[in-house]
Each structure stands twice: as structure tokens, then as C-alpha cells.
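In: Need coordinates for the below:
(3 chains)
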Amino acid sequence: MLDVKHLRKVYSGHGRTVEAIGDLTFHVAAGEFVTVVGPSGCGKTTLLRCIAGLLPATAGEIRVDGRPVSGPPPGLAVVFQEYGRSLFPWLRVADNVALPLRRRKLSTVERRKRVHDALAAVGLHDSLEAFPWQLSGGMQQRVAIARAVAYEPRVLLMDEPFAAVDAQTRADLEDLVRDVWRQLRITMVFVTHDIDEAVYLGQRVVMLSRSPTHVLDELTVDLPDERDQLGTRSDPGFSKLRARVYSQIRAAKAPVDLGKTAS
Amino acid sequence: MTILRRTALVFGLPSVLFAAWWVFSAGSVDFYRPPLSSILAAFAETWFGSRIRDDVLPSLLRLAAGYSLALVLGIGLGVLIGLSPRLRIAVEPVLEFLRAIPPPVLVPILILFAGIGDLMKVLVVVSGCVWPILLNTVEGVRAIDPVLADTCKAYGIRGADRLRHLVLRSASPQIVTGARQALSVGIILMVISEMFAASSGLGFTVVQFQRGFQIPEMWSGVLLLGLLGVLLSGLFRLVERRVLAWYHGQR
Amino acid sequence: MIRRLLPLSGLLAFALLLEVVPYTGVVSAVYLPPLHRIAGALGQEFGRDAFWTALLDTLRTWLTGLAIAVGAGVVVGVVVGSVPLLRAATASTVEFLRPIPSVALIPLAVLLYGTGRTATLLLVVYASFWQVLVQVLQGVTDVDPVARDTARSYGLGRLARIRWLVWPTTLPYAVTGVRLAAAVALILTVTGELVIGTPGLGKEIALAQSGGAVAQMYALIVVTGLVGVVANVVTRDAEKRVLAWHPAFRKEAAA
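Out: Numbering: from 1, shown residues only, chains lettered A, B, ... in the order given. I've put the predicted structure just below:
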């Protein structure tokens, strides 16, 4: 479904070049839930923006559903980290969710139903008429998720969506994302710097190095599909996986790490 | 109690000032400073007759025409320039110069081109109002939140949808600021264009009163201009409150 | 490189347009002389004593009016702003008086002061005073309440508080007020000269117009524009300097 092959991204300007992504290759199968984790500042957001077609790659290729990405691919939705800025403050919650649907050939009734269903799915059926800024941070991010859900994407990208909400809300939102994925069976790529989150959510964890970024390792999360905050997180299997990811990331963070510099 | 206090605060000073004017001018024999009572009497007599239709209304219509045209031009060009960084850099110095010209000096130029009719007066209003709107629109469009712009891209919100729901709305607080500045400039220009060359209109009539030494009538004209200024800015605030409800609610 | 050249090319294109358009017949060259004739007239103006007198007159009226408005605006603003009751009591009056268009005062000014500088000064001061006052009032209310309490608990008197607390907070706002006031004051200075006939560039423009000296008229208009540009650049620069050390984040209009 999603193919990233030898992706390389170099930022240049003001007489300086920064190699954000060195050489990245990974694959995500249709319907799979992959989490991407790496130390902060490792080019996770750059990667996600390249996949979303918001940023041209310097070299390499990204394919979504077999088609190479040259602009934002249809059927791909993004949930950004900055929930406060990715929602239109001048549109009410329902209109925020409905706006991307305007280009779809839908009847008004159909569109309204989709918006309602999406908002109900994230537990916001009674906030349709509110403005985003009247809601708490966690609720705003729910609106952003509802907007993505209503868009009915085949691939859903999430860029550290819960980095700025409190721990309790975060746990709720994590379960919400799992639920959405299990119901819709869409392909999910979830970027985070939180190792626990990466292991708890994903079927597979892709670990990234520091920039210039490459893939350190991939890890299949062999935990049951049925997960819950208490049981799963205290499961010995979870702890083992977590420890493995943690040691990899810590090794990657270490200042001397010349062995794996990208070619 | 608090309502009483607030009422006192809002109306206290204005009533005191008004009363003071009334009392101190009551016995005035100064030809140039007539008693407030005679000014008010002249006000009703002067403006509540055919002058509303012949002088006040045409002035306001010309202001409305010029102001609306300036809004369309200013926002349209402002969006165009704001969306293209290269164009903006290229035209910036020219705009900087054009907006620095005090708009009243354009009256003589526009008289050359358009005579002294309605067209000239509307153009005078346009030529003064367009700059604050244009420049503020450019700034507003430039300041579109990049995350919101990315959101539009990612969700395929393009063309007219993008213009309407992203560009214009993001820039609207700035556009409103420009429009507010433009309104006060517009009122000034409406009056000046009529003082300079006209045979009717508010500015013309008031100057006629002054030249004819119809002092209470002239004072009443000054009063009317003041009231119009206050009224229009009040109207503007009502519109602003509607258009920018989301913006003011946010803070 | 391109960034350097683009503004220049914009100016050149504008100049070229002004030069060429009169020859195309779109507008008559009588009404819009080609640029080289305007430039020629400008050169002639530079050689005329009357031009320099007029320019100085305009600058004097403008700066005098601006100085009075700024002085009054700052004093009234700081005093009214630091006394909450006074501020509350005057708010409605300010809101009422501010939108009164200053040109409404033209007949009054002429009647009371004739066509001299005082008549124009009245317009200039009235219009620009409010710009300063409103900004200063906003600045005074922006004083950090914690800092205010701290100052009070250390026994700083009212004057000391104004000097060390209120004024530093207000200064950037005041400078923004000066920038806005400078532009408005220039507009009304020229208006007064044009409409009332106070000596200055505006009067020269009116004279050139009635004398049919079109190129000269354009040249004078260009001069007023240049004065405006200088005013904008100087005040914006001052504003940037004051804001450089001030952490306050404020959104201000572009024009």
C-alpha cells in the first residue's frame, strides 16, 4: 500500500545544506498499522510530509497504492500534531469535518450523515455547533481525527498527534485510534517519539536513526489485537518489546554512532 | 448597583460636557459661537427637509460606492500580491510610495481626468481607501498559518474553496483592520471632494454656510458630519463583530 | 540576487508605465504628462525659492501638529490610563469623539482662525491626537499586574511607578501611536493647505492646478509622496528599535 524506497531529503538554502533523511526504505501493507519511532529531531516529520506529498523528496521514491507521490495523493489523510492550528478556527466543528468533503460528489444528506457518523465515532456528537477553540486540546484532536475518518482515506498518516495533550487524554485517544483502525481497517502510519505509544499502538514498529535518517530496525509487535491500557502495558511481552525498542533508540542517540551513517 | 454604576460611567461625562456647552453658550452673543440651543434648532430646520435627499444621501451613496469599490479592488489585488512572494517583493516599493501620497492631493488629478461630477468624487474615495485595505490584505494573506495551508493541501481543498475558506478567512482580521482605517479616510475624502469642487453634497453645503456666514447652520453641519462619523464607525463595529466573531471569541 | 533586483524592477516598470502610457493615447498627455516632463518640472521646482518655502511650511505645520498631538496624547493617556475610574468614565466620550472626521472642523477652523497655520494645526492635532491616545491607553493597561503589585509592595510612589513601570511598558505602544499619527497628520496638513489655503505644498498644488501647470502639479504630488515615505520609514524604524528589547507580542496593522 505504501512503499518508501531510498528516500533522501536534503534541505538547502541560505548557503547551508542539511541532510534530514539519508536513505530510508520501508513498506507498509494494506490495512497494516505501522508506528514509526525515533529520537526527537530525527526527521520523522520530514518523512511524513514527504509521504503526504507536502514536501518533494530529494531522491528516492514513495508510492501510495502503486502510484508515485508527486503531490498530496488522493485517499490519504493526515492528522497533524498541532491540533490548535490544523482546524479552521472560523468554522464550526461540523463544518471543519465537512470541508474536505466538498469536492466529493455527495448529496447534502449523505455528507451530513458522514460528518455525524465520524463525529459520533470520536465521541463528539454533541459538539457539532461548537467552534474548535471552545473545546479542550484532546477534543480538538478528536475533531481532527473525525475529519480524517470522514474523508474515508485508505491511508491515514498521524504526525505525533498526541504529543501536546495530557497523559490521561492521551491514553483515551490512543484507544480511540486503535478502535478507528480496527473498525475501518485502513492503512495507518503513526509517527511518535514515545516508545510506549509506538509499541502499544502498532502491529509493527519502524525505528529510525538520528538524522540523516535511515531505518535502524523493524519489529513486529506480537501482542494480541485486543489491547487495553492496563492489561497490555503490564504484559511481559509488552515490556520486552519496549526494552528492545528502547535500547535501539538509545544506541541511536549516543553521540558516537559512526557505524551506520547513511551512504 | 453595577448597572447603575455602568450607566453613570457611560453617560456621565458626555452629559456633563453637553450640559456645560449648553449652559456656557446660552447667553453667548459672540457671532461665531452661537448658543447650543440655536444650533440644535438650526439642525432640525436645516437637515430634516429636502437636504437629506439632495445633499446628505448623495454624499453617502458616493461614499458607499467608492468604499465598496475600494474593498473589492483592495482585497482582490491584495490576495493576488499576498499569494505570490515574487510579485509582492517587486511591487512593494511602488505600493510604499503610492500609499504615502496623502490622498487629498489626488483630488486635483482626478478632477483633470473625471471632471467634477460624481465619478470624480467616487474615484477620490477609491484612491484613498484602497491602500490601507490592499496593504493589510497582503499582510494578512502572507500570515496564513502553514499548518492550515498544509491541511488544505493534504485534504485536496483547492481553488475557490481554498480562497474562500482558507485565504480570505485567515486574512480577515487584517482586512477588517485595513477596512476600518479606510472608512475614516473615506469619510474625510468624501467631504474634501465636495469642498473642493461641487454644487451639492454635505461638504459643499457646510462650506457654503461658512462662506455665507450662516453660523448656526454651519455648526449644525459640523455636528451632522460628526454624527455621521460616529454612526458609520458604530455600524462598522456591528459588521466586524459578526465577521470576526470567531476571532474575538478565541482570545 | 533576484531578491535584490525584484524591487528595483518593480520601480522601473512603474516608471516605464508612467512614461509610455501618455504616448499610447489611453489617457491624454495633457492630463498625465510623461515621466520625463514630471521629472523636468521637479527639477525646476528644486530651483524655485517658493518651493523650498512651501516644503518647509508643510514640514513645520506637520511636525508642530504632530508634536502637540503626541505630547497631549501621552500625558492624557498616562494620566487617564493609570486611574481606573477616570478611564472608565472617559471611555464612552473617547469612543464618541474619535470617529468624528476632522475635516468636519474645516469650516469652524476657517471661521475662528482664518487661513493661517493655526486653522490647519487644529485639524492636524485633532486627527492625530486620538491615534496616540488610544495606543497609550492600551499600553498603560498592558502593565503586568504582578510587576505593579511588586512595585507597590516595595513602596514606590505614584510618580516612581509611572517612571519605572508604566512608561517602559507604554513606550512601544506610544511609538506605534506616533507612527500612525505621523501618517494621519501629514494627510491633514496637506488637506488644510489644499482646502483652507494655509501656505505649504498643498496650496502650491492647488495653485498649479488652477494655473493649468499639470506637470508641476504632478511634481509637487511626488514630493508629498516622498515626504510620506520618509515619515513611514523613520517611524517604522523607530518602532522596530523600541520593540527590539520589548518582549510584548502585539499584532499591528500594516498601514
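In: Next, give phi and psi for whatever residue of the stretch 151-251 of chain B ends up closest to chain A.
Out: Nearest residue of the stretch 151-251 of chain B to chain A, counting by C-beta to the nearest C-beta: B:Tyr155, 3.6 Å away. From N, CA and C alone the C-beta is placed, and that goes for glycine too. Reported as degrees, to the nearest 10, the phi and psi values for B:Tyr155 are phi -100, psi 10.
In: Look up the closest residue to it, ignoring the ones flanking it.
Out: With sequence-adjacent residues excluded and distances taken as C-beta to C-beta, 6 or more residues apart in numbering or on different chains, B:Tyr155 is closest to A:Pro100, at 3.6 Å.
In: Run through the strands of the chain in chain order.
Out: I'll assume chain A. A:2-13, A:16-28, A:33-37, A:59-64, A:67-68, A:76-79, A:155-159, A:187-192, A:204-208, A:213-220 (DSSP state E).
In: residue of chain C with the smallest distance to chain B?
Out: Counting by C-beta to the nearest C-beta, chain C gets nearest chain B through C:Gly228, at 2.9 Å.
In: do you know how far that residue is from B:Tyr32?
Out: Per C-beta to C-beta, to the nearest Å, C:Gly228 is found 34 Å from B:Tyr32.
In: what about these two, which has more around it?
Out: Of the pair C:Gly228 and B:Tyr32, C:Gly228 is the one with more neighbours under other C-beta atoms under 10 Å in any protein chain shown, namely 22 against 12.
In: which residues touch B:Val107?
Out: Under the criterion of C-beta atoms under 8 Å, 6 or more residues apart in numbering or on different chains, the neighbours of B:Val107 are B:120, B:124, B:189, B:192-193, B:196-197, C:194.
In: Of those, which one scores lowest on pLDDT?
Out: Sorting the contacts of B:Val107 by pLDDT puts B:Ala197 at the bottom of the list (70).
In: Okay, it and B:Leu112: tell me how far apart.
Out: In this view, B:Ala197 and B:Leu112 are 11 Å apart by C-beta to C-beta.
In: for the helix or strand where C:Gln44 lies, which positions count as buried?
Out: Element membership for C:Gln44 (DSSP states H and E) is helix C:35-46. Residues C:35, C:37-39, C:41-42, C:45 are the ones in helix C:35-46 that count as buried (16 or more other C-beta atoms under 10 Å in any protein chain shown).
In: Put together JSON lines for these, with pLDDT and distance to C:Thr90 on each row.
Out: Shown next, in JSON lines, are the buried residues of helix C:35-46 (pLDDT from 0 to 100; distance: C-beta to C-beta, whole Å):
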{"residue": "C:Leu35", "pLDDT": "89", "distance to C:Thr90": "51"}
{"residue": "C:Arg37", "pLDDT": "90", "distance to C:Thr90": "53"}
{"residue": "C:Ile38", "pLDDT": "91", "distance to C:Thr90": "48"}
{"residue": "C:Ala39", "pLDDT": "92", "distance to C:Thr90": "51"}
{"residue": "C:Ala41", "pLDDT": "91", "distance to C:Thr90": "49"}
{"residue": "C:Leu42", "pLDDT": "91", "distance to C:Thr90": "47"}
{"residue": "C:Glu45", "pLDDT": "89", "distance to C:Thr90": "46"}
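In: one step back: quick one: which of B:Ala197 and B:Leu112 has more around it?
Out: A count of neighbours by other C-beta under 10 Å puts B:Leu112 above the other of B:Ala197 and B:Leu112, at 18 against 15.
In: From C:Ile221, how far off is that one?
Out: For B:Leu112, the distance to C:Ile221 - C-beta to C-beta - is 12 Å.
In: With B:Arg162 instead?
Out: Separation of B:Arg162 from C:Ile221 (C-beta to C-beta) stands at 39 Å.
In: more neighbours, these two?
Out: Per other C-beta under 10 Å, whichever of B:Arg162 and C:Ile221 has more neighbours is C:Ile221, with 21 against 15.
In: With adjacent residues omitted, what lies nearest to the more buried one?
Out: Nearest one to C:Ile221, counting by C-beta to C-beta, 6+ apart, is B:Val105 at 5.0 Å.
In: Surely that neighbour touches C:Glu204?
Out: No. With contact defined as C-beta atoms under 8 Å, B:Val105 does not reach C:Glu204; the gap is 10.2 Å.
In: what residues are up against the closest residue in space to B:Thr151 that isn't next to it in sequence?
Out: Leaving aside its chain neighbours, B:Thr151 sits nearest to A:Ser86 (4.8 Å; criterion: C-beta to C-beta, 6+ apart). Contacts for A:Ser86 (C-beta under 8 Å, 6+ apart) come out as A:79-80, A:144, B:147-148, B:150-151.
In: Return the residues of the stretch 101-250 of chain C in contact with chain B.
Out: C:101-108, C:110-112, C:183, C:186-187, C:189-191, C:194-195, C:202, C:205-206, C:208-209, C:214, C:217-218, C:220-221, C:224-229, C:231-232 (C-beta under 8 Å from any C-beta of the partner chain).
In: please redo it, this time with the cut-off set to 6 Å
Out: Contact residues, the stretch 101-250 of chain C versus chain B (C-beta under 6 Å from any C-beta of the partner chain): C:101, C:103-104, C:107-108, C:111, C:186-187, C:190-191, C:194-195, C:205, C:209, C:217, C:221, C:224-225, C:228-229, C:232.
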